[in-house]
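# Task: produce atomic coordinates for the following.
(one chain, ligands or ions: 1)
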Amino acid sequence: MLNIEYRRKPPMSYFSLRHISKSYETQTALHDFSLELEKGEMIAIVGESGSGKSTLLRIAAGLMTQSSGEVLLNGQKIENPAEKLVPGYDEIKLIYQDYQLFPNSTVEENILRPLLLFDPAYRKKQLDRLLRQLGLEAYRQRLPRQLSGGQQQKVAIAQALAVEPEVLLLDEPFSHLDAIQKRKLLQELKELLQEMGTTVIFVTHELDDALRLTDSVLILQKGKLVQRGNSQSLCEHPKTRYVARLFSSINSLPGVDHAYLRPADVKLRTKGGLLGHVVDQRFLVHYNSLFVRLKDSGLLWEVDDPQRRFTAGDRVYLHWDEEKVLRLKS
Ligand SMILES: Nc1ncnc2c1ncn2[C@@H]1O[C@H](COP(=O)(O)OP(=O)(O)OP(=O)(O)O)[C@@H](O)[C@H]1O
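Now for the predicted structure:
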């Protein structure tokens, strides 16, 4: 009997968001969102602007009061601002898009701020380790304004990691960086966080950024979890048009409701198939991307031309394998 009761209990995970909902005065930002993370697990949440990502992270950090649901860390309830005098926890750190460094404090002083009450030997050890791990040793005496955006971002990350949080919540913190800087920082951060065994939730609207940190992705749309999976499963079996479009544009099949084709799944011929005219072309690394106006429907399709055979003004016939058609309702 005891054994059956035990098995019925949900498995205990390290960081749990259970049935979280949040309504602002005029709208609901999160609907019954649940997520269970193991210690050291990294997950990315991808969603468009306004899908509720920041709201979710603020609730997860204990910095915003949810309308319903609960957050648990290692079995302990995370209290929200309505329940806790000083909101937030050292164990759960949130890094925002607009991180704020102290402008008149050096890099060293900024990183040491959260450690003011700690033992001096520990403070020095943490500071030296973070400066080394984040490649900031040469900048320790500089003020934030004397650093590039990427270096400032690293200082903000070092500051958040100084207290060795168990959980790190990243709210699109790389949006100020250019693509090359961002890729490099994401790779460095991934290695560092894996080494530290930190549990991470990274929210972003860029799937590419998400996949650089983790292959475990969750898709949020209008405050609801719509799909969870790795890049292959999301790409091959998207549940919504939004999920499908995170990977490539999609072409609507003329005369068939809710049926779409990816540009890479359309084959190009000189005769036989759906007739169209190439109206534009772009040279990309592995193929030319063509814009083709379909003759009968007038739809504009984007298709890949891996052999770079067609150019603007050409007639082209399009066909595809039926199994490549994506059926997407919303
Ligand atoms: N303080 C607030 N009062 C009322 N509505 C709010 C408030 N904060 C957010 N919202 C609304 O809740 C929804 C979710 O907002 P949230 O900031 O969580 O989305 P997001 O996915 O983080 O967006 P972005 O990527 O643009 O930062 C949005 O529609 C937003 O307008």
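# how about the strands in the stretch 151-300 of the chain?
Ranges of strands within the stretch 151-300 of the chain are 167-171, 199-204, 217-221, 224-229, 251-252, 259-261, 267-269, 274-283, 288-294, 300-305, based on DSSP state E, counting those that start in this stretch.
# As a markdown table, those strands with distance to the ligand would be great.
(Each C-beta comes from the backbone N, C-alpha and C, glycine too.) Formatted as a markdown table, the strands of the stretch 151-300 of the chain follow (distance: least, C-beta to the nearest ligand atom, whole Å):
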| stretch | distance to the ligand |
| --- | --- |
| strand 167-171 | 7 |
| strand 199-204 | 7 |
| strand 217-221 | 7 |
| strand 224-229 | 12 |
| strand 251-252 | 27 |
| strand 259-261 | 25 |
| strand 267-269 | 37 |
| strand 274-283 | 28 |
| strand 288-294 | 27 |
| strand 300-305 | 26 |
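# Next one: the residue in the stretch 101-250 of the chain positioned nearest to the ligand, what pLDDT does it get?
With C-beta to the nearest ligand atom, the shortest gap between the stretch 101-250 of the chain and the ligand falls at His205, namely 5.7 Å. With respect to pLDDT, His205 has a value of 92.
# Near it, how many other residues are there?
18 (other C-beta atoms under 10 Å).
# so what's it closest to, chain neighbours aside?
Taking C-beta to C-beta, 6 or more residues apart in numbering as the measure, His205 lies nearest to Glu48, with 5.6 Å between them; neighbours along the chain are not counted.
# got it, and Glu206?
Residue nearest to Glu206 in three dimensions, not counting chain neighbours: Val46, with 7.6 Å by C-beta to C-beta, 6+ apart.
# Neighbouring strands - and their directions - for the one helix or strand the one you found maps to?
Under the criterion of DSSP states H and E, Val46 resides in strand 42-47. Taking DSSP bridges as the criterion, strand 42-47 pairs within the sheet with strand 199-204 (parallel), strand 217-221 (parallel).
# next one: that strand to chain centre, how far?
For strand 42-47, the distance from its own C-alpha centre to the chain's C-alpha centre is 4 Å (C-alpha atoms, centre = their mean, to the nearest Å).
# which residues are contacting the helix or strand just after it?
Secondary structure here is assigned by DSSP H and E; on that basis, the next helix or strand after strand 42-47 toward the C-terminus is helix 53-60. Applying C-beta atoms under 8 Å, 6 or more residues apart in numbering, the set of residues contacting helix 53-60 from outside is 15, 17, 20, 22, 29-30, 33, 45, 47, 64-66, 71, 78, 80, 92, 94, 167, 169, 171-172, 201, 203-205, 220, 223.
# Stretch 259-268 too?
Residues beyond stretch 259-268 that count as contacts (C-beta under 8 Å, 6+ apart) turn out to be 241, 244, 247-253, 273, 289-290, 301-305, 309-310, 316-321, 324-328.
# Show only the entries of those residues found in helices.
Using DSSP state H, 241, 244, 247 are the members of those that sit in helices.
# Just list the residues touching the second one, thanks.
Residues counted as contacts of Ala244 (C-beta under 8 Å, 6+ apart) are 238, 250, 260, 262, 326, 328.
# try the last one
Taking C-beta under 8 Å, 6+ apart as the definition of contact, the neighbours of Phe247 are 207, 234-235, 238, 262.
# go with 7 Å
Cys235 (C-beta atoms under 7 Å, 6 or more residues apart in numbering).
# beta partners for the residue nearest to Glu206?
Under DSSP bridges, the beta-bridge partners of Val46 are Thr204, Ile219.
# how many neighbours does the closest residue to Tyr242 other than its chain neighbours have?
If the residues on either side of it in the chain are set aside, Tyr242 comes closest to Gln221, at 5.7 Å by C-beta to C-beta, 6+ apart. Counted by other C-beta under 10 Å, the residues lying close to Gln221 total 19.
# and Leu186, what pLDDT?
89.
# same deal with Ile180?
The score at Ile180 is 84. That number is its pLDDT.
# Can you report how many residues neighbour it?
9.
# Also Lys324?
Based on other C-beta under 10 Å, the number of other residues close to Lys324 is 13.
# For it, give me its contacts.
Lys324 is in contact with 261, 265, counting by C-beta under 7 Å, 6+ apart.
# how much space between it and the ligand?
The span separating Lys324 from the ligand equals 31 Å under the rule C-beta to the nearest ligand atom, to the nearest Å.
# Would you state the helices of the stretch 51-200 of the chain in chain order?
Ranges of helices in the stretch 51-200 of the chain, per DSSP state H, counting those that start in this stretch, are 53-60, 107-112, 120-133, 149-161, 179-196.
# Identify whichever of the ones you listed lies nearest to Gln281.
With C-beta to C-beta as the criterion, Gln281 lies closest to helix 179-196 of the helices of the stretch 51-200 of the chain, at 23.5 Å.
# Run through the neighbouring helices and strands of that closest one.
For helix 179-196, the contact count by 3 or more C-beta pairs under 7 Å, 6 or more residues apart in numbering; DSSP states H and E identifies helix 149-161, helix 207-213 as packing neighbours.
# picking that back up, from the contacts of stretch 259-268, list the buried ones, please.
Neighbour-count burial (16 or more other C-beta atoms under 10 Å) applied to those gives 241, 244, 247, 250-253, 290, 301-305, 310, 316, 318, 320, 325-326, 328.
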